[in-house]
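Peer 1: Just to be clear, the model below is a prediction. Sequence and coordinates:
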Amino acid sequence: MSKAIRVHETGGPAVMRWEDHDPGTPGPGEVLLRQEAVGLNFIDVYHRTGLYPLPALPAVLGLEGAGVVESVAADVSEFKPGDRVAYAGVPPGAYAQVRCIPAHRLVSLPDSIPTQQAAGMMLRGMTARYLLHGCYPVKAGDRILIHAAAGGVGSIVCQWASYLGAEVIGTVGSAQKAEIARKNGCAHPILYGEVDFAERVKAITDGRGVDVVYDSVGQATFMKSLDCLRPMGTMVTFGQASGAVPPLEIGVLAAKGSLFLTRPSLMTYTAQRVDLLAHARDLFDVVEKGAVDIAIAQTYRLEDAAQAHQDLEGRKTTGSTVLLT
């Protein structure tokens, strides 16, 4: 019998249980996937706590993984047993040794990309893709601000944006993380605990402000992030690690320079298969070129997922983390 991390109720890391799990057989349009590695993401915490409700409980957490196809339903032609594949997005169920998943959510892995690396890059990497090409089309000469620049998404955004020719400014929580961000192409790491990041951004940009802010921190950074933007700049809020952003009087956007504001999700940007494949293709391209290096900074056993969640919430992790089955 295979095993999985299941939650029967929402709450802290202690609600995660390592249990026997029967994945069943593939239904119409599905693939049975033996997973080799599972990605750890902050949205897993949101699902565990109930901030983002799961479809039903009990449930298996997780939205990202990679492994080898074991079997396919009779109506699946795109994949066959033995294929190496990866995925990111709904439906949840990644924290399992074996799972069934709709075939249309899978992408084939190039031979050059190891399975563990794939499991740690699909959700963050495709998120970086829609941030840089969808929410705001970053180009050479743009100035961007990325919060949590040494984190999983931040590390990829720094590298990818730098490759595109943008000048990258990033906030970090320590000197060690500042060095990580700098190595990833962040020209101006800002220690947010030591200086006012909005004032520092204005100084770096000679008072003009940045073209776009990417903010996954939420409540603690949102309002000051608006002050970092140039007139008609774009604010992208794509997470809330510090808490939800309070209700906003939209007149603030006019007062601060006719700003644009968006709250995107990977699920929307990759809902259509053609878009999913485009996101994966662009991600694989920059990784294979060496423009973006996806280093797995931490690994845990899948059964130790509760400890991984504690470390993630305690900001003890950097870059990408995977759970090994």
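Peer 2: Arrived safely, thanks for sending. Numbers count the residues shown, from 1 in each chain.

Peer 1: Please compute how far the longest helix belonging to the chain lies from its chain's middle.
Peer 2: Ranked by residue count and defined by DSSP state H, the top helix of the chain is helix 273-289. Its chain's average C-alpha position is 15 Å from that of helix 273-289, according to C-alpha atoms, centre = their mean, to the nearest Å.

Peer 1: Sheet partners, orientation included, of the following helix or strand past that helix?
Peer 2: Sequence order places strand 296-301 as the next helix or strand after helix 273-289, per DSSP states H and E. Sheet pairing of strand 296-301 (DSSP bridges) gives strand 320-324 (parallel).

Peer 1: List the buried residues in the strand it pairs with.
Peer 2: Buried residues in strand 320-324, counted by 16 or more other C-beta atoms under 10 Å: S320, T321, V322, L323, L324. Using the backbone N, CA and C atoms, a C-beta is placed for each residue, glycine as well.

Peer 1: Also stretch 111-125?
Peer 2: 113-125.

Peer 1: Turn these into a markdown table, including distance to S225.
Peer 2: A markdown table is the format used below for these (distance: C-beta to C-beta, whole Å):
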| residue | distance to S225 |
| --- | --- |
| I113 | 33 |
| P114 | 35 |
| T115 | 36 |
| Q116 | 33 |
| Q117 | 31 |
| A118 | 31 |
| A119 | 30 |
| G120 | 27 |
| M121 | 26 |
| M122 | 27 |
| L123 | 23 |
| R124 | 20 |
| G125 | 23 |
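
Peer 1: so who does S242 touch?
Peer 2: Shown in contact with S242 (C-beta atoms under 8 Å, 6 or more residues apart in numbering): V217, G218, Q219, A220, T221.

Peer 1: Between those residues, which sits nearest P91?
Peer 2: G218 (25.1 Å; C-beta to C-beta).

Peer 1: Hmm, that closest one is touching V245, no?
Peer 2: Yes - G218 is in contact with V245 according to C-beta atoms under 8 Å; the separation is 5.5 Å.

Peer 1: Give me the common contacts of those two.
Peer 2: Joint contacts of G218 and V245 (C-beta under 8 Å, 6+ apart) are T237.

Peer 1: Leaving out the residues flanking it, which one is nearest to L283?
Peer 2: G125 (4.2 Å; C-beta to C-beta, 6 or more residues apart in numbering).

Peer 1: can you pull the contacts of the one you found?
Peer 2: G125 sits in contact with I156, L283, V287, V292, I294, where contact means C-beta under 8 Å, 6+ apart.

Peer 1: most neighbours, which of the residues you listed?
Peer 2: I156 (29 neighbours; other C-beta atoms under 10 Å).

Peer 1: does that one sit in a helix, a strand or a coil?
Peer 2: With DSSP: H, G, I helix; E, B strand; the rest coil as the basis, I156 sits in helix.

Peer 1: Kindly report the same for A254.
Peer 2: Quick answer, by three-state DSSP: A254 is helix.

Peer 1: mind checking how far it is from A278?
Peer 2: As judged by C-beta to C-beta, to the nearest Å, A254 and A278 stand 34 Å apart.

Peer 1: which of the two has more neighbours?
Peer 2: Neighbours were counted for A254 and for A278 using other C-beta under 10 Å; A278 has more, 16 against 9.
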